[in-house]
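>>> Sequence and predicted structure, then a few things I'm wondering about:
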Amino acid sequence: DTGVSQDPRHKITKRGQNVTFRCDPISEHNRLYWYRQTLGQGPEFLTYFQNEAQLEKSRLLSDRFSAERPKGSFSTLEIQRTEQGDSAMYLCASSFPPASHPQETQYFGPGTRLLVL
Amino acid sequence: AQTVTQSQPEMSVQEAETVTLSCTYDTSESNYYLFWYKQPPSRQMILVIRQEAYKQQNATENRFSVNFQKAAKSFSLKISDSQLGDTAMYFCAFMKHEANDMRFGAGTRLTVKP
């Protein structure tokens, strides 16, 4: 399968615990995005990487959240000291825009559903 | 700030019929991109169709077409010959030129009935 993959698919944790999610983009996609989707809402942008550089962060990304993309391949999103309000689906997407088309299609992974008790 | 509004939380259509999903957006930008994404139950989001704002011609992809009205800031999705597999949440999304953060609407839940 050559699509975007995310691990784990589901995570249940207790308030105050740290969690880490992984995203593997489509091979050779140099752009990677993280979104958060709460029940009944559309995804909300969290952050964006071009290769290993994190170029943009939303105000939604509080200091308890950190994302990395070492070596410009897979990415991790860590949430420290989780709160019940962090319960959501965390989506990863990747793209490989050609120079002629800077906003190329973003391909989404299946998401990691987080429940904080 | 750009906002995307989908005024129809839920819609249903009979199999083989046509349905139109509405989307409006608010922006002061002149160059941007619009998307419709489909999210089937418990499955990942996939792109249905995209439209560049500088193109006047409405995008089409097989049974899916859009009605892009730039002046009215409207971007509706028409699904012809609806199939059971079209049952999903449909999200309208906006992204301004040279940006990376896509803004999504709240979605429309479409049910295709046999």
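Received it, and whenever you're ready, just let me know what you need. Here the structure is a predicted model, which means the values were calculated and not measured.
>>> Skipping its backbone neighbours, what lies nearest the residue nearest to the spatial centre of chain B in space?
Here the mean C-alpha position of chain B is nearest to the C-alpha of B:Trp36 (C-alpha atoms, centre = their mean), at a distance of 3.3 Å. Of all residues beyond its chain neighbours, the one nearest B:Trp36 is B:Val48 (4.3 Å), with distances taken as C-beta to C-beta, 6 or more residues apart in numbering or on different chains. To be clear about C-beta, it is placed using only N, CA and C from the backbone, and glycine gets the same treatment.
>>> wait, what's in contact with that neighbour?
Applying C-beta atoms under 8 Å, 6 or more residues apart in numbering or on different chains, one finds that B:Val48 lies in contact with B:Phe35, B:Trp36, B:Tyr37, B:Lys38, B:Glu61, B:Phe64, B:Leu77, B:Tyr90.
>>> Keeping just the C-alphas, turn the strand or helix carrying the fourth one into PDB.
This means B:Lys38. In this structure, B:Lys38 is located in strand B:32-39 according to DSSP states H and E. Output of strand B:32-39 as PDB, limited to C-alpha atoms (Å, rounded to 0.1, in the frame of the first residue of the first chain):
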ATOM      1  CA  TYR B  32      -7.100  30.600  -4.200                       C
ATOM      2  CA  TYR B  33      -8.100  27.000  -4.500                       C
ATOM      3  CA  LEU B  34     -11.300  25.200  -3.500                       C
ATOM      4  CA  PHE B  35     -11.800  21.500  -2.800                       C
ATOM      5  CA  TRP B  36     -14.400  19.000  -2.100                       C
ATOM      6  CA  TYR B  37     -13.300  16.100   0.000                       C
ATOM      7  CA  LYS B  38     -15.200  12.900   0.800                       C
ATOM      8  CA  GLN B  39     -14.900  11.000   4.100                       C
END
